[in-house]
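Engineer: Got a predicted model here, sequence first, then my questions.
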Amino acid sequence: MDIQLTEEQELLRSSIQRFLREQYDFDERRKIVATDEGWSRKHWKSFAELGLCAAPFQESSGGLGGGSLATMIVMQEFGRSLVVEPYFETVVLAGGLIEDVASPEQRQAFLPKIMEGEAIWALAWAEGRSRYDFNNVTTTARRQGDKFVLSGTKAAVVGAPWADKLIVSARTSGGPRDRVGVSLFIVDRHAANLRLQSFKTIDGRRAAELTLMDVEVPAGQLLGVEGEGVVALDACRDRAIAALCAEAVGAMSVLNSATLEFSKARKQFGVALGSFQVLQHRMVDMFIALEESISLTQHLNLSLAAHEPNGSKLASGAKSKVGNAARFVAEQAVQLHGGMGMSDELNVGHYFKRINSINVQFGDPTYHLMRYAQQN
Amino acid sequence: MELDLSSEDAAFRDEVRAFIAENYPQEMRVSNPETDLTKEQSLLWHRILHKKGWIAPLWPKEYGGPGWSVTQRFIFEQETSRAGTLPPLAFSVTMVGPVIYTFGNDAQKKKFLPRILSGEDWWCQGYSEPGSGSDLASVRTKAVRDGDHYIVNGHKTWTTLAQHADWIFCLVRTDPAAKPQAGISFLLIDMKSPGVTVRPIITIDGSHEVNDVFLEDVRVPVENLIGEENKGWTYAKFLLGNERTSMAGIGRSTRYLGRLKQIVRTEVGEEDPAFGEFTREIARVELDVLALEATELRIVAQMSRGIDPGPAASLFKIRGTEIFQRITDLTHQAIGNYGLAIREHPVTANRFMPGPDYGHTATEKYLNSRKLSIYGGSNEIQRNIIAKAVLGL
């Protein structure tokens, strides 16, 4: 099993690589992160023009039909360049959910704007006490005539300060931990009675805590079947994990080559750092960690593309295994770079932080190890 | 776990404990004392200890030490660290002070020691240079004799809190022809001297603890040379021995473990699939701490019988830093989704930080603690030391 890219996929990859090489080097990325907004609309437009925002969607939805392999290709390159723009949030999470469960009218209303790069989305599923379970929802949605009224707090919504639209999970029935009774709603980011408290994330992005104080949402903006939100989110998480693993692989590959290069160039005690056997073995382990991660990420993406029945279990397995591998690579890349690895100036620490953030998003390696163990 | 204490030592322990409880400044109890205090605030406890006569446990009585036994010194270290007090200026008291009273001349002792004890002078360490890493003997900063002065040119880096410092002790190369260790001298440089420039280095946790220090044609009076010219490596090694003694950090690890348990109880909860894993991991770290603490107590007992601890400091450094890194890692995992957030520096109360207070520094602590296995001689170097000095490999 080794994915041989088609001519079309190769083209997609080389066009992203060329764009990022020419327009999105580490200095440019640093400048973007330091702006007030924290992301670049200009680059976002370019991503859309390159077809990245339409790449994974089905042709019947107006997309390019690339599916999860296209996402994998994009995310791996974004991981290599530490792209901060909300592709994951908008295209993978929201776009994926809409394509998966939205009504034909909603698809028509929302997907074209996503594919054209006209709309930014964020997904608000987490809450202060939810940890990584989609069913731990205390935010409520009450039916009131032809609308729903949402109340509650959603935590750590990555990309929310940038978003035009939010997908919010809220309870329409059942108790606080029931799987059934959670529904998804499309909420305008500027809706009345919706408060955002923004903060910076570990990897230089922006996120927010949302407080919904009787936010009114038209019934037509219920996304998917009422009460079946957890099922939709489960499938969304599988796609999310496939994308995050690809991004982690991209980041790890940069860390490994940077570390290798450094260990050859850097002299200590009169010899190259890389001549010390203990460091050689460490770098061999980093190499193995990356190889295994590439394999598992490909395996997961192929399984999801083929709708294999054990896809969700495999997703958790990959999130755990790749997460641990990425953390090992990141920590060792910092260690082997010595003091420089600790400095904000060098790119290594920023890859380290992105990997950290990937490990938190949608559940950490331990959570997914346990979920993997419990799935049949 | 406790040492078997004599009744005098037990009374001493109670005295120390009570003194801390009554005198440790509330102002210094901030979420992250290492990054959130002003220069003045971080000196408060130093001054209180100075007034009490407890500022320099290691120093001989004639220079202002309290004249404590090995056991008393250990008790003091244990109590202050358990109570989470910010240690007094380590580069001044633990590092350069002993070098000055051991190798300095009378004039230097008279000039510098009292001001170190009082906290009037803040010292920083000019050891590391770009490209030197753990290989400190590769010093490239040059000092050339010019009459009554040395002219110093070079670049020191990773200099902790140089932004506050009044003085820097530097390794400089005075004999470029000699072997690496042989041509080094130990020089004290006034940070206000013309030609000294400090540039902040921001680390991955966003804080400003370390700096680049540039030395350009800095004129340093010859009287600021410690000991003999070209013998600096001997003094430097002596100092490094002191740097590594107290890196087991049992008190700190124990405190952070307590907080981790509290966070796991509140945030994770028994119904969470990962709860069992957290329980196991915490137990593992707790046992690591216990084993290291027992080792420390065993070595303290040996030292009080006059037995040389050898490279035990390397063992403490390796295990102490690995344990603390693991605790900060687990704490970051325990706060779940809020682990995505990081405080912005400089820290102010106006910026929104999500989640419960006890989690606000979890991310930055995890990031910041990555330095522990790098600095003070990387853990790889410490393992080399044990391999060579203990195992004879």
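Structural biologist: Looks like it arrived, so ask away. All values derive from a computational prediction rather than experimental measurement. Residues are numbered from 1 along each chain as shown, chains lettered A, B, ... in the order given.
Engineer: ok, now which ones touch residue 340?
Structural biologist: Answering for chain A, as no chain was given. Taking CB atoms under 8 Å, 6 or more residues apart in numbering or on different chains, we find A:M340 in contact with A:346, A:348. Every residue, glycine included, has its C-beta placed from N, CA and C.
Engineer: meant chain B, my bad for not saying
Structural biologist: A:156, A:158, A:201-202, A:207, A:357, A:360-361, B:363.
Engineer: try 10 Å
Structural biologist: By CB atoms under 10 Å, 6 or more residues apart in numbering or on different chains, the contact list for B:L340 reads A:126, A:155-158, A:199-203, A:205, A:207, A:356-357, A:360-361, B:354-355, B:363.
Engineer: Return a ChimeraX selection command for the buried portion of the residues you listed.
Structural biologist: Remark: buried members of the contacts of B:L340, expressed as a ChimeraX selection using 16 or more other CB atoms under 10 Å in any protein chain shown:
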select /A:126,155,156,157,158,199,200,201,202,203,205,207,356,357,360,361 /B:354,355,363
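Engineer: Return the subset of the contacts of B:L340 lying in helices.
Structural biologist: A:356-357, A:360, B:363 (DSSP state H).
Engineer: from the residues you listed, which single one is nearest B:P130?
Structural biologist: A:N356 (26.8 Å; CB to CB).
Engineer: want to throw the ones in helices among the contacts of B:L340 into TSV with pLDDT and distance to B:V218?
Structural biologist: As requested, those are exported to TSV (pLDDT from 0 to 100; distance: CB to CB, whole Å):
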residue	pLDDT	distance to B:V218
A:N356	97	40
A:S357	98	43
A:V360	98	46
B:T363	96	39
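Engineer: which bits of the stretch 1-150 of chain B sit near chain A?
Structural biologist: The stretch 1-150 of chain B has residues B:128, B:130-135, B:137-138 near chain A, with proximity defined as CB under 10 Å from any CB of the partner chain.
Engineer: Would you reformat these as CSV and include pLDDT, neighbour count and distance to A:D188?
Structural biologist: Below are the residues of the stretch 1-150 of chain B next to chain A laid out as CSV (pLDDT from 0 to 100; neighbours: other CB atoms under 10 Å in any protein chain shown; distance: CB to CB, whole Å):
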residue, pLDDT, neighbour count, distance to A:D188
B:S128, 92, 24, 53
B:P130, 91, 14, 52
B:G131, 82, 15, 55
B:S132, 82, 21, 56
B:G133, 75, 23, 54
B:S134, 75, 20, 56
B:D135, 81, 19, 59
B:A137, 84, 17, 64
B:S138, 87, 19, 61
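Engineer: Which two among these are spaced furthest apart?
Structural biologist: B:P130 and B:A137 (15.2 Å).
Engineer: tell me the centre residue of chain B?
Structural biologist: Ranked by distance to the mean C-alpha position of chain B (CA atoms, centre = their mean), the top residue is B:A90 at 5.8 Å.
Engineer: how close does that residue sit to B:R13?
Structural biologist: Distance, B:A90 to B:R13, using CB to CB, to the nearest Å: 23 Å.
Engineer: Do a quick rundown of the strands in the stretch 251-376 of chain A.
Structural biologist: Per DSSP state E, counting those that start in this stretch, the stretch 251-376 of chain A carries strands over the ranges A:267-268, A:271-272.
Engineer: Near the closest residue to B:I55 other than its chain neighbours, how many other residues are there?
Structural biologist: Once flanking residues are discounted, B:I55 sits nearest to B:L49: 4.4 Å by CB to CB, 6 or more residues apart in numbering or on different chains. By other CB atoms under 10 Å in any protein chain shown, 26 other residues sit near B:L49.
Engineer: Same check on A:K264?
Structural biologist: Quick note: A:K264 (other CB under 10 Å) scores 12 neighbours.
Engineer: ok, the residue nearest in space to the middle of chain A - contacts?
Structural biologist: Geometric centre of chain A, nearest residue: A:F88, 4.4 Å, by CA atoms, centre = their mean. The contact partners of A:F88, taken as CB under 10 Å, 6+ apart, are A:71, A:74-75, A:78, A:94, A:123, A:158-159, A:240, A:243-244, A:247, A:358, A:361.
Engineer: filter those residues by proximity to chain B?
Structural biologist: Applying CB under 10 Å from any CB to the contacts of A:F88, those adjacent to chain B are A:158, A:361.
Engineer: Restricted to strands, list the contacts of A:F88.
Structural biologist: Those of the contacts of A:F88 mapping onto strands are A:123, A:158, per DSSP state E.
Engineer: Give me the below-cutoff pLDDT ranges for the chain.
Structural biologist: Because you didn't say which chain, this covers chain A. In the predicted model, chain A carries pLDDT under 70 at residues A:1.
Engineer: meant chain B, my bad for not saying
Structural biologist: Applying pLDDT under 70 to chain B picks out residues B:1-2, B:241-246.
Engineer: Let me know the closest of the contacts of A:F88 to B:R383.
Structural biologist: Using CB to CB, A:I358 comes nearest to B:R383 of those, at 30.5 Å.
Engineer: For the chain, just list every one of the helices.
Structural biologist: I'll assume chain A. Counting by DSSP H, the helices of chain A are A:7-23, A:26-34, A:41-49, A:67-81, A:87, A:96-101, A:104-115, A:229-265, A:277-305, A:311-337, A:339-342, A:347-360, A:365-374.
Engineer: that's the wrong chain, I meant chain B
Structural biologist: For chain B, the helices defined by DSSP H occupy B:7-23, B:33-36, B:39-52, B:70-82, B:90, B:97-103, B:106-118, B:232-245, B:250-263, B:275-304, B:312-334, B:362-368, B:379-389.
Engineer: Get me the contact residues on the stretch 151-300 of chain A for chain B.
Structural biologist: Taking CB under 10 Å from any CB, the part of the stretch 151-300 of chain A that reaches chain B is made up of A:153, A:155-158, A:177, A:196-205, A:207-209, A:266-271, A:273, A:276, A:278-279, A:282.
Engineer: The same query, at a cut-off of 7 Å, please.
Structural biologist: The stretch 151-300 of chain A has residues A:155-156, A:158, A:197-202, A:207, A:209, A:268-269, A:278 near chain B, with proximity defined as CB under 7 Å from any CB of the partner chain.
Engineer: Between which two of the residues you listed is the distance greatest?
Structural biologist: Farthest pair in these (CB to CB) is A:Q197 and A:F269. Separation: 50.9 Å.
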